[in-house]
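Colleague: pasted the sequence and its predicted model underneath.
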Amino acid sequence: MTSRPLVIAIVGPTAAGKTGIAVEVARRLPVEVISADSRQVRQGMSIGTAAPTLAEVAVVPHHIVGVVAPDAPWAITDWLDLARAAVDEVHARGRIPLLVGGTGQYVWALLEAWEVPAVPANPSLRTRLEETAAVEGHEVLHAQLAAVDPASAARIDPRNVRRVVRALEIVEATGAPVPPLEPRDPGFDARIIGLRWSREEIHRRADARVDVMFAAGLVDETRALVGRYGRDFEALRSIGYREALAVLDGTMTMAQAVERTRIETHRLIRMQAAWFREDDPRIQWVEGANVPAAVEAVVSAAGST
């Protein structure tokens, strides 16, 4: 029997140490990283997205990092196209694709070969829907989705405005509910290593990361983005950047922005936990604090085919 190509995924919440583990794995295995991070795709947003450093990239190649302008349209289909191409290219070089990131939608879309509707972004509709959420509350927007696509509404967290807007965008374009994303054979075998942390410890790590981001110049990075691209683009409303923008506007102090970013990051971590469940039999969980054990789990996964 001919063995199938392999993809290994390292998953877990923000600040779990996924990139650090990937770098250590690269010292032992011929791997290349495919980033599964919906924010690291943006150019010029390295501080606020904790993008891999030049030193980390020097150890192991990273794909799909800084590939699109901050204000350019972007959808999961764009990422899937690049990710699938990168998987094929890495396999063709006789190396192992290492899928690394906390965007659960991206991870499962690749590993389960989802057929995602190729509906282009509708900027005017998005603006209108986002204004509804901002003015009337995310519950009102979610209720709109429930009225036209109850199945999608049932599986999307009402607080995840971006996903609610995208679902409404697809319904508007197709005139039909969003088709269910059924798992299919991706054409490769997958091994998934999850990094487990206690809630208290991952919050502590995330808080420390937020402190580092602001100390490293997140407000200045945001100022540069506004100077080049203006203020009206979706990526600028992501965690950290919207708070840094409030500092620039004078509506938050630096301390308030740091605290708000911490709170929003904690909320993101809770959402990520829904994508990567500790009772999911597909995921081999290891303690994130035990770096040697996590690296060994990945190395063992590579030899288990």
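Modeller: Right, received. Where do you want to start?
Colleague: and the residue nearest to residue 61 when sequence neighbours are not counted, how far from residue 286?
Modeller: Spatial nearest neighbour of residue 61, chain neighbours left out: residue 32 (4.6 Å); criterion: C-beta to C-beta, 6 or more residues apart in numbering. In short, each C-beta sits where N, CA and C put it, glycine included. According to C-beta to C-beta, to the nearest Å, residue 32 and residue 286 sit 22 Å apart.
Colleague: returning to that earlier point: tally of neighbours for the residue nearest to residue 61?
Modeller: 20 (other C-beta atoms under 10 Å).
Colleague: pull up the gap between it and residue 8, please.
Modeller: 11 Å.
Colleague: what's the overlap in contacts for the two?
Modeller: 96, 97, 98 (C-beta atoms under 8 Å, 6 or more residues apart in numbering).
Colleague: residue 114: how many residues sit nearby?
Modeller: Neighbours around residue 114, by other C-beta under 10 Å: 19.
Colleague: mind listing what it touches?
Modeller: Taking C-beta under 8 Å, 6+ apart, one finds 80, 108, 181, 182, 183, 184 in contact with residue 114.
Colleague: swap in residue 231?
Modeller: Here residue 231 is in contact with residue 245 (C-beta under 8 Å, 6+ apart).
Colleague: over to residue 274?
Modeller: Residue 274 neighbours (C-beta under 8 Å, 6+ apart): 104, 157.
Colleague: renumber starting at 792 from here on
Modeller: Taking 792 as the first residue, the last one we looked at is residue 1065.
Colleague: which pLDDT value belongs to it?
Modeller: Confidence at residue 1065, expressed as pLDDT, is 91.
Colleague: and if you look at residue 954?
Modeller: 85.
Colleague: next one: residue 864
Modeller: At residue 864, pLDDT is 87.
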